[in-house]
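> how would this look folded up:
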Amino acid sequence: MLFHSTNPASGAVVWSGSAAISADVASAVARARAAFPAWSRRTLADRTALLRAYAARLTARKAELASLISQEVGKPDWEALTEVQSMIGKVELSIEAHTRRCSDFTGGPAVARFRPHGVVAVFGPFNFPGHLPNGHLVPALLAGNTALFKPSEHAPAVAELTRTCWLEAGLPADVLQVVQGARATGEALAAHPDIDGLFFTGGSTAGAALSAQFARTPGKILALELGGNNPLVVWRPSDVPAAALMVLQSAFLSAGQRCTCARRLILPADAAGDALLADLTALVARVRVGPATDRPEPFHGPVISAAAAARVLAAQDALLAAGAKSIIPVTSLVPGGALLRPGLLDVTAVPNRADEEIFGPLLQVIRVPDFDAALAEANHTRFGLAAGLIADDAELFARFRDEVRAGIINWNQALTGASGAVPFGGIGASGNHRPSGFFAADYCSYVVAGIETPELKLPASLPPGLNP
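Next comes the predicted model:
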């Protein structure tokens, strides 16, 4: 079945090709299985050298890859270049993580060694079509697995160029294969009996379905990196303009299409909260939105598709119908298109707000009477990916850090900021306790423990009950 990806800002076709059907998936899995023994037997030093060669190819093709990311998913050039740099940096971080977390160790005659799972599937998202699947693929290949990469159907071209960089680095062709397609392709790959695991980055609904499916096959590893309805509490900071800018970055980078974006802004219902909201409103009104080709460059580009834009607008309409007050509405630059101006809604008076991730440039504002109420509101979600506090008071942050349930908790930093040198992941509906980032090494192999001695010797004394 033919399909294509398009530039979400212009509608121009970027890539065309065929979606893999079940027979294609089965063939790819078989080739990955056949390639696994030779790849896994290579020395760690050999695989490490190949990863570094891959980083060199990414560096050589940085401008080309960034341009393709901009074309295919609409990111401004400055952001696309940052994404490619993150892909390059992932290589050395993965080598360090593997050394620190997966090195063989001994305790007398007791030993522990790490083995790759075998054939793993990696499902990539559209919002970081290079960086996020790269965060699974690099440590998986370093550990000795072979991999089948199903990218988002919105970003097939980025996936193909990424694989080209691997091949140019010397990776055998069947060790990493790209399996193109949409939902049907993903379902066929996830259900194939001869994969040993699946690493998924995407929405919570798909993650929950995969979790239910893989519960029937406990011998297979499943690592889920899902989204969140992330709270950002701003509590009477002394530098209001700096705090407002931090909120803007937290909510609207990547057109609000980062899984760590702030979705709920929690403010005190007092003059300090009013001042922060006034500064933020002025900043949001100044945000420049446009295609990646615009000069000067925009702050953010389009959401991934016109359909995605329609979902954001529908969510806004539902909140307004339920009693939300519009501070700045989300609006379309071009009616029916994917370019959206960011918006703010005060949802304080909305009863029983839906606990959903609105994946776009819409920030919900909630006013509360005190910090206890702010903590309660922050935890009022089934998700648990990211949470942040902007405040001068270290004691308030100590409470926030200890009481808020999330896998990523930032203080006086943008909520979208995350380091590859530490774990990345969430709890609740945001993941399954297998964080990626630096800890991706943990789910890319399994440990084998044993007691080993070079010589067989009779014990000094026989166990009780045995005749001499």
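> can you list the domains in the chain?
2-226+431-451, 230-411 (automatic domain parsing).
> Span of the longest one from start to end?
Yep, that's domain 2-226+431-451 we're talking about. Terminal residues of domain 2-226+431-451 lie 55 Å apart, using C-alpha to C-alpha, to the nearest Å.
> same deal with stretch 226-243?
By C-alpha to C-alpha, the extent of stretch 226-243 from end to end equals 27 Å.
> Make 330 the starting number, not 1.
Sure thing, new numbering starts at 330, so read that last one as stretch 555-572.
> Now do the buried residues in it.
Judged by neighbour count (16 or more other C-beta atoms under 10 Å), stretch 555-572 contains these buried residues: 555-566, 569, 572. C-beta coordinates here come from the backbone N, C-alpha and C atoms, glycine included.
> Quick one: the domains of the chain as TSV, columns for mean pLDDT and distance to residue 793 too.
Below are the domains of the chain laid out as TSV (pLDDT from 0 to 100; distance: least, C-beta to C-beta, whole Å):
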stretch	mean pLDDT	distance to residue 793
domain 331-555+760-780	97	21
domain 559-740	97	51
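> circling back: out of the buried residues of stretch 555-572, which are inside helices?
569, 572 (DSSP state H).
> how about the buried residues of stretch 555-572, which pair is most distant?
555 and 569 (33.2 Å; C-beta to C-beta).
> could you measure residue 739 against residue 533, distance?
21 Å (C-beta to C-beta, to the nearest Å).
> Repeat that for residue 666.
Taking C-beta to C-beta, one finds residue 666 at 27 Å from residue 533.
> Tell me who's in contact with the nearest residue to residue 566 once chain neighbours are set aside.
Spatially, and ignoring its direct neighbours in sequence, residue 566 is nearest to residue 572 (4.3 Å; C-beta to C-beta, 6 or more residues apart in numbering). When contacts are counted by C-beta atoms under 8 Å, 6 or more residues apart in numbering, residue 572 touches 563, 566, 605, 608, 719.
> Show me where this protein has its helices.
Under DSSP H, the chain gives helices at 351-370, 373-389, 391-402, 406-430, 460-472, 485-497, 512-519, 533-543, 569-581, 600-615, 635-650, 700-707, 723-732, 769-772.
> other SSEs contacting the third one?
Right, helix 391-402. Taking 3 or more C-beta pairs under 8 Å, 6 or more residues apart in numbering; DSSP states H and E as contact, the helices and strands that helix 391-402 lies on are strand 342-347, helix 406-430, helix 485-497.
> So what touches it?
With C-beta under 8 Å, 6+ apart as the criterion, helix 391-402 contacts 334, 336-337, 341, 343-344, 387, 404-406, 409-410, 412-414, 416-417, 455-456, 458-459, 483-484, 486-487, 490-491, 494, 621, 630, 633.
> State the distance from residue 639 to residue 540.
From residue 639 to residue 540 the distance is 28 Å (C-beta to C-beta).
> no, scratch that, I was asking about residue 781
Counting by C-beta to C-beta, the gap from residue 781 to residue 540 is 37 Å.
> CSV for the helices and strands packed on helix 391-402, including mean neighbour count?
Below are those laid out as CSV (neighbours: other C-beta atoms under 10 Å):
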stretch, mean neighbour count
strand 342-347, 15
helix 406-430, 19
helix 485-497, 21
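> Between these, which one is closest to residue 792.
Of all these, helix 406-430 comes closest under C-beta to C-beta, at 38.0 Å.
> Just want the angle from that closest one to helix 460-472.
30 degrees (axes from the mean of the first three to the mean of the last three C-alpha atoms, to 10 degrees).
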